[in-house]
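Asks: Task: produce atomic coordinates for the following.
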Amino acid sequence: MNSCVFLHREFVLIAVTAGLLSIPLASNVLAQAGTADMAECLGIAGDQERLACYDRVSGRTAEASPVAGTSRATAASATGDSGVLTAPATTASTVTAPLSLLDTAWRFNPDSDRYTIALYRANYIQFARYTDRVNDHPFSPLYNAAGIGDENLDSTEAHFQLSFKSRLWTTDDRQFGLWVAYTQQSQWQSYNEDISRPFRETNFMPEVLMSYRPDISLGGFHWRLFNLGYAHQSNGRPDPISRSWDRIIGEFGIENGNFALLLRPWYRIEEDDQEDDNPDITDYMGYGDITGIYKWNQHSFSLMVRGNIDKEKGAAQLTWTTPPLLGPLRGYVQGFTGYGDSMIDYNWRQDIIGFGVTLNDLLDR
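Replies: Predicted coordinates:
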């Protein structure tokens with residue numbers, strides 16, 4: 001019995017020893033096989049095929065192949081500039097398209113602040129503004145007489161405008177919004193020492209309006225703005241030189257790249273004949289205006305035209321805004337011809353050129 005036990009132990013010892021000796025031999029065989037397979041992978045020219053070969057040799061599960069047509073830039077981003085393989089992103093990278101001119105101006109971006117105060121029309125100061133016809137005798141049809149006598153006004157004055165708007169309500173997607181706005185412009189006889197440098201005219205215009213962003217495209221143009229609102233404009237002066245009118249104004253905005261076109265029809269709310277300071281104002285100001293804006297290399301150009309075709313009266317205004325000159329300040333040049341440069345001048349024709357600086361143009365809001 002002892003001899004059987006001894007023989008059994010000897011057999012187990014021999015089996016274990018043989019097993020241990022076979023491990024390095026098997027490893028060597030597998031290594032040689034793996035090396036041969038690696039050499040085969042190294043000879044494969046295609047990136048995707050070579051990677052699949054390495055995965056197969058190493059025992060990794062091959063990942064799904066990229067969708068056919070995937071750009072080489074995506075494959076290159078997976079390996080990096082150094083050629084070292086890195087884990088691919090779980091989702092495809094996307095490039096956010098820049099906001100359009102109208103989307104920026106009216107905060108249609110869903111990520112924009114719900115309640116905001118923003119620039120509205122151009123906020124500028126013209127240090128020198130020259131007119132070829134000084135309106136020394138403002139005329140009011142209501143009184144059938146000149147409002148004031150000769151004021152000895154200078155043909156050159158300063159002119160500035162302040163304009164801002166605030167959103168009071170909007171939908172979650174920012175497609176609809178309720179806004180209030182205020183614009184004030186003043187003509188200042190700043191160089192006229194003889195009459196103590198008075199403000200010749202100041203106009204005030206509060207507005208309330210609803211904004212909506214359509215999304216209709218045709219022929220490369222995109223309709224992205226519709227506004228409807230009420231505006232009151234006046235000069236806040238007593239008779240006989242009081243001027244005012246109230247309007248319902250619509251605004252349609254279309255754009256194509258760096259070009260935008262704004263069409264604004266309006267309806268004047270009638271006043272009592274005995275109280276209307278300027279019953280013929282639409283003869284000169286018309287029933288709407290059209291403004292085109294074009295941006296190029298940080299320059300901005302705009303042209304506004306309006307008028308009454310039947311009365312053959314109207315106006316045009318051309319502006320040029322330069323790139324920033326000092327901080328946010330940009331150069332500003334404005335030319336005007338026709339009627340209605342201000343409320344007091346609604347029925348006075350003149351040609352004007354002005355130079356100054358501005359914080360924004362019509363769509364830099």
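Asks: so which strand or helix has the residue positioned nearest the centre of the chain?
Replies: For the chain, the residue nearest the mean C-alpha position is T104 (2.6 Å; Cα atoms, centre = their mean). Assigned by DSSP states H and E, T104 belongs to helix 101-105.
Asks: Just to check, the residue nearest to the centre of the chain is in contact with D361?
Replies: No - counting by Cβ atoms under 8 Å, T104 stays clear of D361, with 11.9 Å between them. In this view, the C-beta of every residue, glycine as well, is placed from N, C-alpha and C.
Asks: returning to what we had before: what are the buried residues along whichever helix or strand comes after the helix holding T104?
Replies: Moving toward the C-terminus from helix 101-105, the next helix or strand (DSSP H and E) is strand 116-119. By 16 or more other Cβ atoms under 10 Å, the buried positions in strand 116-119 come out as 118-119.
Asks: Please list the residues outside strand 116-119 that contact it.
Replies: 107, 163-167, 359-360, 364-365 (Cβ atoms under 8 Å, 6 or more residues apart in numbering).
Asks: What are the boundaries of the helices in the stretch 251-365 of the chain?
Replies: For the stretch 251-365 of the chain, the helices defined by DSSP state H, counting those that start in this stretch cover 281-285.
Asks: Where does the prediction get shaky in it?
Replies: Flagging of the stretch 251-365 of the chain using pLDDT under 70 yields the residue ranges 365.
Asks: rerun that using 90 as the cut-off
Replies: Applying pLDDT under 90 to the stretch 251-365 of the chain picks out residues 273-275, 277, 362-365.
Asks: Could you report the distance from F252 to L329?
Replies: 31 Å (Cβ to Cβ, to the nearest Å).
Asks: again, but for F259
Replies: 25 Å.
Asks: what do you get for R213?
Replies: 31 Å.
Asks: For these two, indicate the residue with more neighbours.
Replies: R213 (19 against 15; other Cβ atoms under 10 Å).
Asks: give me every residue that touches the more buried one.
Replies: Taking Cβ under 8 Å, 6+ apart as the test, what R213 contacts is 102-103, 106, 108, 174-176, 224-226.
Asks: Swap in 6 Å and give it another go.
Replies: 108, 175, 224 (Cβ atoms under 6 Å, 6 or more residues apart in numbering).
Asks: No more questions from me, cheers.
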